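Trainee: when you get a sec, could you give me coordinates for this:
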Amino acid sequence: MSNQLSRRNFLKLGAAAAGVFATGQAFSAPQHALAGALNSQTLASHVTIGNTSIQSNLNPFYFTYFQSRQIYDTLIDVSATGELIPGLATEWNRVDPQTLEITLRDNVLFSNGEQFTADSVAYTLNFLRTVGVNNMGTYAIPVTDLVLFPAFISLFDDNSIEVVDDTHLVVRTTRPDAILEKRLSRLFIISEQHMTETDGDLVTNAAGTGYFRAAEFVPGELLELETWDGNWRGSHPIQSATYVRVGDPRAALESGDIDVAQSISPDVARTLVDSGNWVVTSKPALGTEIVSMIPDTHEALQDERVRRALNMAIDKVAYNEIIQGGFADPTTGQLLQPSMDGYNENLEAFPYDVAEARRLLEEAGYTDLTLTMAAPNTLRAQGETIASFLEAIGVNIELETPDSGSLIAEVTGGTDRNLILWNAYYTTLQDWSQAMVGLAPGSPGAQRHFDNDDFYGLNMQISLAGDLETRNDLIQQAATLMNDQAAVIFLSWQQFYYVHTPKISALPLNLDNSPRLYAVEMQT
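Mentor: Residues are numbered from 1 along each chain as shown. Next comes the predicted model:
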């Protein structure tokens, strides 16, 4: 079988599952490869990014904050490789395990003209500690990343922020925290003046310190961005940018309607790049594609043998080379990737073994099993492929493909579906705790994706660990437990990629996979 194997034939093979995949050389996803050298020409002032979905609001704390982050800044920034770099803070210094002194940039404005000061930081943190904690459905990511809930383990209290003067503040946590600086990279600073004048509207209005401000916003359809005089980053070639929803990213690229395509399927992305007419910019997505097996929705999923069988039914090597277009790698049976804090070098992936998977199902008494499964509409091909593998071991799959937003709500808020295909991302903190937002929610009564008290106990210890060594050891223990109990179906460590015109010579990315649009360089 060659690298040109079609998805249709791959699905047929997955359904048969009796043969062995004989794949050719694995595809690679280059970090940034230009189709030929670009001479120095006039740089474009506008770039258009097409996506299959545009966020429904401008709230920088919402799940789908990807586009609005162009408007806001954090205290500490993070490079694509995880290096902490200055944001609104220019310096930070650990005085002791619970105290951090921070120096802020001077003469920084919000786009509404308000001066950014240490009081802005205090206001934002207090907003998240009150409004955010009381509206977990909207603010789950920052509340979790900053450990603001539940109250008895919160890192911050009324005395956590001491404003020294406009450009200096002291942060004191309620207990030692090994990754406090990382956590502050998740604190998007909001304008108190804006919140007062708009009655707290972060949905349709925005005022940040970022390079861009919102010029036009049509929820779910369009976000027009423009730079503004007085922003602290100064002037760059890109003066405006458009995020627009497109039904077919490939067609939009080829017609010239967009310069950059996001959320383009792996097989299409590979075809475009291999044609030599388009370029890919990518980085490790810092996320793991998994299938959650929700135990309280079907008694079979409470049986470790069944969970192990479902893991062994899928050929992850072939899945990642062909269906994922080479923009992903099989995991070693754990969430975190090599080089990350808490990665366990001793864990191994579940082998692809159809016969053993069938034997385990028979031993467990489930030779005629029907399960419901949901995959986001953006991952329909992946969902169909996984279903075909599972059907090959005698598990009938009823597949549905709702929109991504609806599925995220089910992952975090509860579902009646037996299986859910989703991505456990840990991009913004590059940390275990973020993957737990959907997988192991801490709120009382929340639906469990892995019903194991020891696992939840370990996660509580991880959240309380004051030093990095202890924390990493606890994460490794939790990862081992997930592997031993086949907690989820581990599919892929993914690459996050953009396919774009070769006129773009620079498309810098943030750790959270979003582009630094102000730094884009594109020839006219």
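Trainee: every contact and neighbour count from this point should use C-alpha atoms.
Mentor: Fine.
Trainee: show me where the stretch 51-200 of the chain has its helices.
Mentor: Taking DSSP state H, counting those that start in this stretch to define them, one finds helices in the stretch 51-200 of the chain at 118-127, 136-145, 180-184, 192-197.
Trainee: may I have the top helix by length along the chain exported as PDB, CA atoms only?
Mentor: Among all segments of the chain classified by DSSP state H, the helix with the greatest residue count is helix 468-484. What follows is helix 468-484 as a C-alpha-only set of coordinates in PDB (Å, rounded to 0.1, in the frame of the first residue of the first chain):
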ATOM      1  CA  LEU A 468       8.100  20.800  40.700                       C
ATOM      2  CA  GLU A 469       9.700  17.500  41.600                       C
ATOM      3  CA  THR A 470       6.800  16.300  43.800                       C
ATOM      4  CA  ARG A 471       4.300  17.600  41.200                       C
ATOM      5  CA  ASN A 472       6.000  15.700  38.300                       C
ATOM      6  CA  ASP A 473       6.100  12.500  40.300                       C
ATOM      7  CA  LEU A 474       2.400  12.800  41.100                       C
ATOM      8  CA  ILE A 475       1.600  13.400  37.400                       C
ATOM      9  CA  GLN A 476       3.500  10.300  36.400                       C
ATOM     10  CA  GLN A 477       1.500   8.300  38.900                       C
ATOM     11  CA  ALA A 478      -1.700   9.600  37.500                       C
ATOM     12  CA  ALA A 479      -0.600   8.800  34.000                       C
ATOM     13  CA  THR A 480       0.400   5.300  35.000                       C
ATOM     14  CA  LEU A 481      -3.100   4.800  36.500                       C
ATOM     15  CA  MET A 482      -4.800   6.000  33.300                       C
ATOM     16  CA  ASN A 483      -2.600   3.600  31.300                       C
ATOM     17  CA  ASP A 484      -3.100   0.600  33.600                       C
END
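Trainee: how close does residue 348 get to residue 333?
Mentor: In this structure, residue 348 and residue 333 are separated by 6 Å, where distance is defined by C-alpha to C-alpha, to the nearest Å.
Trainee: next helix or strand past the longest helix of the chain?
Mentor: Downstream of helix 468-484, the next assigned helix or strand under DSSP states H and E is strand 488-500.
Trainee: any idea of the mean pLDDT in that next one?
Mentor: Model confidence over strand 488-500, given as mean pLDDT, is 95.
Trainee: and after that strand, which helix or strand comes next?
Mentor: If you walk from strand 488-500 toward the C-terminus, the next helix or strand you reach (DSSP H and E) is strand 504-506.
Trainee: how is residue 251 assigned, secondary-structure-wise?
Mentor: When the structure is split into helix, strand and coil by DSSP: H, G, I helix; E, B strand; the rest coil, residue 251 lands in helix.
Trainee: pull up the gap between it and residue 184, please.
Mentor: Applying C-alpha to C-alpha, the value for residue 251 to residue 184 is 40 Å.
Trainee: can you pull out the strands in the stretch 251-400 of the chain?
Mentor: Read by DSSP state E, counting those that start in this stretch, the stretch 251-400 of the chain holds these strands, from start to end of the chain: 260-261, 279-293, 328-329, 369-374, 395-400.
Trainee: which secondary structure elements does the last one sit against?
Mentor: Going back to what we said before, that points to strand 395-400. In this structure, strand 395-400 makes packing contacts with strand 369-374, helix 380-391, judged by 3 or more C-alpha pairs under 8 Å, 6 or more residues apart in numbering; DSSP states H and E.
Trainee: if we use 6 Å, what do you get?
Mentor: For strand 395-400, the helices and strands in contact under the criterion 3 or more C-alpha pairs under 6 Å, 6 or more residues apart in numbering; DSSP states H and E are strand 369-374.
Trainee: chain center to the strand it packs on: distance?
Mentor: Taking C-alpha atoms, centre = their mean, to the nearest Å, the mean C-alpha location of strand 369-374 is offset from the chain mean by 26 Å.
Trainee: what packs against it?
Mentor: Helices and strands in packing contact with strand 369-374 are listed as strand 395-400, strand 419-425; criterion 3+ C-alpha pairs under 6 Å, 6+ apart.
Trainee: closest one to residue 504 among these?
Mentor: Among the helices and strands packed on strand 369-374, strand 419-425 comes nearest to residue 504, with 27.1 Å by C-alpha to C-alpha.
Trainee: can you tell me what sits against that closest one?
Mentor: Outside strand 419-425, the residues that touch it by C-alpha atoms under 6 Å, 6 or more residues apart in numbering are 287-293, 373-375, 435.
Trainee: look up which residues are beta-bridged to residue 421.
Mentor: Note on residue 421: beta-bridge partners residue 291, judged by DSSP bridges.
Trainee: that one: neighbouring residues, count only.
Mentor: Residues within reach of residue 421, counting by other C-alpha atoms under 10 Å, total 24.
Trainee: and it, how far from residue 85?
Mentor: Following C-alpha to C-alpha, the distance that separates residue 421 from residue 85 is 34 Å.
Trainee: the more surrounded of residue 251 and residue 184?
Mentor: For residue 251 versus residue 184, neighbours defined as other C-alpha under 10 Å are more numerous around residue 184 (18 against 12).
Trainee: how close does the more buried one get to residue 477?
Mentor: 26 Å.
Trainee: ok, residue 414 next?
Mentor: Using C-alpha to C-alpha, one obtains 26 Å as the distance from residue 414 to residue 477.
Trainee: got phi/psi on the residue nearest to residue 112 when sequence neighbours are not counted?
Mentor: Excluding the flanking residues, the one nearest residue 112 by C-alpha to C-alpha, 6 or more residues apart in numbering is residue 207, at 6.0 Å. Recorded main-chain torsions at residue 207 are phi -150, psi 100, according to degrees, to the nearest 10.
Trainee: residue 207 and residue 114 touch, don't they?
Mentor: No: distance between residue 207 and residue 114: 9.2 Å, which falls outside the contact criterion (C-alpha atoms under 6 Å).
Trainee: higher neighbour count, these two?
Mentor: Neighbour count, other C-alpha under 10 Å: between residue 207 and residue 114, residue 207 has more, with 25 against 17.
Trainee: what residues are up against residue 494?
Mentor: The neighbours of residue 494, taking C-alpha under 6 Å, 6+ apart as the test, are 285, 328.
Trainee: make it 7 Å
Mentor: Residue 494 sits next to 284-285, 287-288, 327-329 when contact means C-alpha atoms under 7 Å, 6 or more residues apart in numbering.
Trainee: got the end-to-end distance for stretch 292-306?
Mentor: The first residue of stretch 292-306 is 13 Å away from its last residue (C-alpha to C-alpha).
Trainee: next one: that stretch to chain centre, how far?
Mentor: For stretch 292-306, the gap between its own C-alpha mean and the chain's C-alpha mean amounts to 26 Å (C-alpha atoms, centre = their mean).
Trainee: begin at 36 from here
Mentor: In the new count, where the first residue is 36, that last one comes out as stretch 327-341.
Trainee: burial count for residue 423?
Mentor: Neighbourhood size, residue 423 [other C-alpha under 10 Å]: 24.
Trainee: for it, give me the pLDDT.
Mentor: At residue 423 the predicted local confidence, pLDDT, stands at 97.
Trainee: and it, how far from residue 332?
Mentor: Using C-alpha to C-alpha, one obtains 21 Å as the distance from residue 423 to residue 332.
Trainee: also residue 500?
Mentor: As for residue 500, its distance to residue 332 is 33 Å (criterion: C-alpha to C-alpha).
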